[in-house]
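Engineer: 3D model of this:
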Amino acid sequence: MCCLDFGHSYLHFTVEMDINFYQRDVRGFMPNAIYASAFMAVIYFLDAVRIRISRINRIRHD
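Structural biologist: The predicted structure is shown next:
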């Protein structure tokens, strides 16, 4: 459960960081927005994998 809470707060932090990326790059011509979205896609993918692993572990413990 503790691991899940950590993962959620980590995801929340990356979302806030992503918003900061966009706000800063609106003044420029935002090439970083592309990197930021790619980074977020990777984070969401890793989060989905982590949730699946925690489910498998829970099944194994039962």
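Engineer: hey, let's count contacts and neighbours off CA atoms from now on
Structural biologist: Will do.
Engineer: if I look at residue 35, how far off is residue 44?
Structural biologist: To residue 44, residue 35 is 14 Å away according to CA to CA, to the nearest Å.
Engineer: no no, residue 58
Structural biologist: 21 Å.
Engineer: which secondary element of this protein has the worst mean pLDDT?
Structural biologist: helix 2-26 (a mean of 56; mean pLDDT, DSSP states H and E).
Engineer: what's the next secondary structure element after that one?
Structural biologist: helix 32-61 (DSSP states H and E).
Engineer: which secondary structure elements does that following helix contact?
Structural biologist: Secondary-structure packing of helix 32-61 (3 or more CA pairs under 8 Å, 6 or more residues apart in numbering; DSSP states H and E): helix 2-26.
Engineer: before we move on, back to that, so for residue 58 and residue 44, which sits in the more crowded spot?
Structural biologist: Between residue 58 and residue 44, counted using other CA atoms under 10 Å, the more crowded position is residue 44 (14 against 10).
Engineer: quick one: average pLDDT of stretch 42-59?
Structural biologist: In this model, stretch 42-59 carries a mean pLDDT of 83.
Engineer: How many residues are close by residue 36?
Structural biologist: That count, for residue 36 with other CA under 10 Å as the rule, works out to 20.
Engineer: where does it land on pLDDT?
Structural biologist: 74.
Engineer: ok, now how distant is it from residue 55?
Structural biologist: Taking CA to CA, one finds residue 36 at 29 Å from residue 55.
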